[in-house]
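K.L.:
Okay, sequence plus prediction incoming.
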Amino acid sequence: MAASAKNTNSSRLSLAMERTGQWVFSQEIPTDIVVKVGEANFSLHKFMLVAKSGLIRKMVTESKEADLSRMDLSDVPGGPEILEKAAKFCYGVNFEINVHNVAALRCAAEYLEMSDRYCESNLASRTDDFLSRVALLSFSGALVVLRCCEDLLPLAEDLNIVQRCVDVVSAKACSEANFPSRSPTNWWTEELSILDVDSFAKIISSMKSRGAKTHTLCSALITYTEKALRDLVRDHSGNGVRSSSPSPSPSTPSTSDVDDKLMMIRKRQKSILESIVRLMPAEKAAFSVNFLCCLLRSAIFLKTATNSCKNELEKRIAAILEHVTVDDLLVLSFSYDGERLFDLDSVRRIISSFVDKEKSVAVFSGAGAGGDFKDFTSTCSSPAMQRVAKTVDAYLGEIASYEELSIAKFNGIAILVPKAARNVDDDLYRAIDIYLKAHPGLDEIEREKVCSVMDALKLSYEARVHASQNKRLPVQIVLHALYYDQLKLRSGATVPNNNDPAPTARNNQLQTDLTLVRENEALRSELMRMKMYISHIQTTTKNNNQIINDHQTTHHHQQGSSNRGGGSSARRPTSTFFSSVSKTLGKLNPFKHGSKDTSNIDDGLVDITKPRRRRFSIS
């Protein structure tokens, strides 16, 4: 690409010198001075130049050389192409002044001192007339001139060309926003995307001073962001969350060149992002949550972005968090390839900031009404908080399946939402169940830590039925859920379930489930004692092998006549013990002859060839 640009510039220089040579040599007078502009050399006549250029006149008259034959004007604005047109003007050769070259010609006229002081209707006054009468009369013309001024700074600002263009563009943009003249109505926002971020910032600031409406400014900012940061903010509707990682296409095989180019791109993107955040209207709810989340993800991705930029975006998202969706939070959480989690600290700070705001509102409301606000958890159950709680629980369910999510990070997000904001903990239970399933290596204590964020007494009946059969949950959690229902039954109350048409059958089922859990615990203890007993027998046999053999031989002779076809008496006690345990297991299975036999149910799978009996599974 660099080689191509170099070739293009060389070609332009050659054409400029060739064209100049054609009309200069047509004067039939030998040239007497060579003007150097960068790599281009122009053979011209002194008397034609000094007549209209004060700078060249001074250089010729003040030169220490008796006959100045060369001069360097490499600093002329616009380079060789503009110097060619300035020389044509000095020779009286016609050329076109348009919106693309008028700014450069005006700056070159200032540099070469081609004012009316040296010649009437000189290049400076001619370009000023074109700006006033043609270029700055339309939105598009002023915008193109402003774009061209970006390569002519600071001279273009000193000549007030930039400010004149900004005034025209901002005034016409405000008029177009209030009284659209063509469709689509926001066509002018697309036009602004040709500017660099500094020129765009001047337009937005000028529109603010003219009283532009907030939604007008937001429309311009969103359109410009989508154009300028297209690799980072592709689609703020949420459809581009799991897209490929943004990276520039390498122009050369050299790794160092690619790294340098990437660094320059990231630096430019950082500057654009920070400028856009600074230009945002003061209203916190001016932008959609997803657009703000896309910007914050970009700030996290661009590690060089300042903390003030990220903090401002986090505050804006927290202010309207009640309108957030799960997809919005996932935009923040995942990398661009969607394969790994970002640092979740921003999500935690956003939720915490929202909760603090709701707490302040609750406290203020209680104080204003003269009420007694003893505990925040009892007052902070507003509809907004409940919506956020439901979204956070669903969000936890989405990220719970990722192995890199630690218990501390999972619990750290779950506990940010006050318990009073959750009417039921079914969504949180679902997230916990997904987390336990995705992390099968957790021990009993770790599983209890995960479940500690959930209130088992706030599960619905369906969730409690599922929990009673969930092998991943710690036993203590299952007992809490079933013990709650048992207390309800003993007190004569019914378990709240508006959709349950058969409370008697339900209460019987609860008693059966509770009995089953207790008997299973007793069975576990019995099996453990059995294992310890067998282990003790094996150890004694190994250490006292000779004594046991003598005892078995004597006992065999004594019982030989009564056990002719039935095997040795040494095995009978153990056999009798196993038979007893087997019978006990058979009695303890409450689903042996019923429809709740779960012996063949695989974890999370249902046999499609049999009727499904577990009606209330939520996982």
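P.N.:
Nice, I can see it.
K.L.:
In the helix or strand residue 199 falls within, which residues are buried?
P.N.:
Assigned by DSSP states H and E, residue 199 belongs to helix 197-209. If you call a residue buried by 16 or more other CB atoms under 10 Å, then helix 197-209 has these buried ones: 197, 199-204, 206-208. C-betas here are computed from N, CA, C, even on glycine.
K.L.:
now these in TSV, with pLDDT?
P.N.:
Output for the buried residues of helix 197-209, formatted as TSV (pLDDT from 0 to 100):
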residue	pLDDT
197	95
199	96
200	96
201	96
202	96
203	97
204	96
206	95
207	96
208	94
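K.L.:
for the stretch 301-450 of the chain, what spans make up the helices?
P.N.:
For the stretch 301-450 of the chain, the helices defined by DSSP state H, counting those that start in this stretch cover 307-319, 326-333, 345-368, 376-379, 383-399, 407-414, 426-438, 444-451.
K.L.:
quick one: low-confidence ranges for the stretch 201-350 of the chain?
P.N.:
Judged by pLDDT under 70, the stretch 201-350 of the chain has its weakly predicted residues at 234-255, 304-306, 337-339.
K.L.:
Likewise for the stretch 351-500 of the chain?
P.N.:
Low-confidence segments of the stretch 351-500 of the chain (pLDDT under 70): 362-380, 480-500.
K.L.:
Now do the buried residues in stretch 445-465.
P.N.:
Buried residues in stretch 445-465, counting neighbours by 16+ other CB under 10 Å, are found at 447, 449-451, 453-456, 458-465.
K.L.:
export it as CSV, just CAs?
P.N.:
Written as CSV, here are the backbone C-alpha positions of stretch 445-465 (Å, rounded to 0.1, in the frame of the first residue of the first chain):
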residue,chain,number,x,y,z
ILE,A,445,-18.2,-27.4,50.5
GLU,A,446,-17.8,-25.6,47.2
ARG,A,447,-21.2,-26.6,46.0
GLU,A,448,-22.7,-25.3,49.2
LYS,A,449,-20.8,-22.0,48.6
VAL,A,450,-22.4,-21.7,45.1
CYS,A,451,-25.9,-22.5,46.6
SER,A,452,-25.4,-20.0,49.5
VAL,A,453,-26.6,-17.1,47.3
MET,A,454,-30.0,-18.8,46.9
ASP,A,455,-32.8,-18.9,49.4
ALA,A,456,-34.2,-22.4,49.2
LEU,A,457,-37.4,-21.2,51.0
LYS,A,458,-38.2,-18.9,48.1
LEU,A,459,-38.3,-21.6,45.4
SER,A,460,-41.6,-22.4,43.8
TYR,A,461,-43.2,-25.8,44.3
GLU,A,462,-42.1,-27.0,40.8
ALA,A,463,-38.5,-25.9,41.6
ARG,A,464,-38.6,-27.7,45.0
VAL,A,465,-39.8,-30.9,43.3
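K.L.:
and the helix holding residue 199, what other elements does it pack with?
P.N.:
Secondary-structure packing of helix 197-209 (3 or more CB pairs under 8 Å, 6 or more residues apart in numbering; DSSP states H and E): helix 139-149, helix 161-178, helix 214-228, helix 255-279.
K.L.:
Swap in 6 Å and give it another go.
P.N.:
Under the contact criterion of 3 or more CB pairs under 6 Å, 6 or more residues apart in numbering; DSSP states H and E, helix 197-209 touches helix 161-178, helix 255-279.
K.L.:
Let me have those in a markdown table, extended by mean neighbour count and distance to residue 139.
P.N.:
Converted to a markdown table, the helices and strands packed on helix 197-209 look like this (neighbours: other CB atoms under 10 Å; distance: least, CB to CB, whole Å):
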| stretch | mean neighbour count | distance to residue 139 |
| --- | --- | --- |
| helix 161-178 | 20 | 4 |
| helix 255-279 | 16 | 20 |
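K.L.:
who wins for proximity to residue 40 among the ones you listed?
P.N.:
Among the helices and strands packed on helix 197-209, helix 161-178 comes nearest to residue 40, with 25.2 Å by CB to CB.
K.L.:
between that closest one and helix 197-209, how big is the angle?
P.N.:
Relative orientation of helix 161-178 versus helix 197-209 (axes from the mean of the first three to the mean of the last three CA atoms, to 10 degrees): 50 degrees.
K.L.:
now the angle from helix 161-178 to helix 214-228?
P.N.:
Relative orientation of helix 161-178 versus helix 214-228 (the same axes, to 10 degrees): 120 degrees.
K.L.:
right, and residue 314 touches residue 349 too?
P.N.:
Yes. Applying CB atoms under 6 Å, one finds residue 314 in contact with residue 349, separated by 5.5 Å.
K.L.:
Have a look at the two and say which one is more surrounded.
P.N.:
Taking other CB atoms under 10 Å, residue 314 and residue 349 do not tie; residue 314 has more neighbours (21 against 17).
K.L.:
Please give me every residue in contact with that one.
P.N.:
346, 349-350 (CB atoms under 6 Å, 6 or more residues apart in numbering).
K.L.:
Need the residues you listed in JSON lines (columns: distance to residue 224).
P.N.:
JSON lines is the format used below for those (distance: CB to CB, whole Å):
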{"residue": "346", "distance to residue 224": "24"}
{"residue": "349", "distance to residue 224": "27"}
{"residue": "350", "distance to residue 224": "25"}
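K.L.:
quick one: which of those is nearest to residue 403?
P.N.:
Nearest to residue 403 among the contacts of residue 314, counting by CB to CB, is residue 346 at 21.0 Å.
K.L.:
roughly how far apart are that closest one and residue 182?
P.N.:
Remark: distance between residue 346 and residue 182 (CB to CB, to the nearest Å) = 41 Å.
K.L.:
how close does residue 206 sit to residue 200?
P.N.:
As judged by CB to CB, residue 206 and residue 200 stand 11 Å apart.
K.L.:
brain fart, residue 101
P.N.:
Distance of residue 101 to residue 200, given as CB to CB: 22 Å.
K.L.:
Repeat that for residue 397.
P.N.:
As judged by CB to CB, residue 397 and residue 200 stand 41 Å apart.
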